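Asker: compute the structure for the input listed below.
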Amino acid sequence: MKWLNPFFWLDDKVSPQRRGMYTLFKKELLRFWRVAFQTIASPILTALLYLLIFSHVLESHVKVYDQVSYTAFLVPGLMMMSLLQNAFANSSSSLIQSKVMGNIVFLLLTPLTTLEFFVAFLAASMIRGLLVGLSIYLVALFFVDVPTQHPWWIITFALCGSALLGTFGVIAGIWADKFDQMAAFQNFVIMPLTFLSGVFYSIHSLPPFWQAVSQLNPFFYMIDGFRYGFFGQGDVSPWLSLAVVAGFLLALAWLCLKMLKSGYKLRS
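Answerer: Residues are numbered from 1 along each chain as shown. So this is what the prediction gives:
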């Protein structure tokens, strides 16, 4: 059933040297694509409920940017929040399932390099996150007009954000030994960082102390830079946001590759 594989046209075009990496990537892609109702439709519905409820309650009471409605202001934040959470969930859930079920050994026995292993998981996670984010944007257009003043900033932060959380998900999947640990990681790390990053508000509405605390949160820079691409306005410079996000991405990618190369919690 080729419609279940959006990349079937690549099957005969991949070089033999990259066949193993592509096969793992395809496996990870189909893993979430075959349950798209749960992995794609569910986060879209959740974001839509946030949009409808918050916009209905706060539309006439909150004004963040001039000439930008609160409903429009919410859309980029909800897009990025869902993008980040789903990129993280894809790589982390795949690894922890493989470890708990014991089939991680079959991946480790393949002649894949550490980099190929990492890239395959990361690419699939990015695609899931980007697909969810884009779908939320298209659905939101039925309810509110959302401008796109700087499309390249939108693309840049979407790619960097999905890559960062996809990498973070691989690290979490390697670290966790059971589903309870992964659930705790998502509930006590990922969820608070996303909700306290300015998804529903501008940090300029906070007292000075909490503004300073918010600027220690890397998720804030991903969302603020992404939002700048839509409205041309943000709480900090998009270049500063990009520098922070790129720095965290490089640091986490280096850590992830070191963990994979050492076999930490994978070969023991």
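Asker: ramachandran angles for residue 66?
Answerer: When read as degrees, to the nearest 10, the backbone of residue 66 gives phi -60, psi 140.
Asker: likewise residue 67?
Answerer: phi 60, psi 20.
Asker: burial of it, as a residue count?
Answerer: As a burial measure, residue 67 scores 9 neighbours (other Cβ atoms under 10 Å). Any C-beta I mention is one placed from the backbone N, CA and C, and that applies to glycine too.
Asker: what's the separation between it and residue 146?
Answerer: 13 Å (Cβ to Cβ, to the nearest Å).
Asker: just the element for the residue most central in space within the chain, please.
Answerer: For the chain, residue 84 is the residue whose C-alpha lies nearest the centre (Cα atoms, centre = their mean; 2.3 Å). Assessed by DSSP states H and E, residue 84 sits inside helix 70-101.
Asker: following that helix, which helix or strand comes up?
Answerer: Immediately after helix 70-101, counting by DSSP H and E, sits helix 104-108.
Asker: which positions in that next one come out as buried?
Answerer: 104, 107 (16 or more other Cβ atoms under 10 Å).
Asker: before we move on, the earlier item: can you name every helix or strand that the helix holding residue 84 contacts?
Answerer: For helix 70-101, the packing partners by 3 or more Cβ pairs under 8 Å, 6 or more residues apart in numbering; DSSP states H and E come out as helix 19-33, helix 42-58, helix 104-108, helix 114-140, helix 151-175, helix 179-185, helix 191-195, helix 218-231.
Asker: show me what the first one is packed against.
Answerer: Spelled out, it's helix 19-33. helix 70-101, helix 114-140.
Asker: now the shortest one: mean pLDDT?
Answerer: Going back to what we said before, that points to helix 114-140. Helix 114-140 comes out with an average pLDDT of 95.
Asker: could you pull out the buried residues of that helix?
Answerer: 116-133, 135-137, 140.
Asker: need the winner for burial among the helices and strands packed on helix 70-101.
Answerer: Highest mean neighbour count among these (mean count of other Cβ atoms under 10 Å): helix 218-231, with a mean of 26.
Asker: can you state the direction angle for the very next helix or strand once past that helix and helix 114-140?
Answerer: Once the chain leaves helix 218-231, the next helix or strand it forms, by DSSP H and E, is helix 238-262. Orientation of helix 238-262 against helix 114-140 (axes from the mean of the first three to the mean of the last three Cα atoms, to 10 degrees) gives an angle of 140 degrees.
Asker: quick revisit: now the helix holding residue 84: buried residues?
Answerer: Neighbour-count burial for helix 70-101 flags 70-96, 98-99 (criterion: 16+ other Cβ under 10 Å).
Asker: before we move on, back to that, residue 241 is nearest to which of the helices and strands packed on helix 19-33?
Answerer: helix 70-101 (11.5 Å; Cβ to Cβ).
Asker: and that closest one with helix 42-58, angle?
Answerer: 150 degrees.
Asker: renumber starting at 52 from here on
Answerer: Happy to do that; since the first residue is 52 now, the last one works out to helix 121-152.
Asker: that older thread, looking at the helices and strands packed on helix 121-152, which is closest to residue 303?
Answerer: Per Cβ to Cβ, nearest to residue 303 of those: helix 202-226, 4.6 Å.
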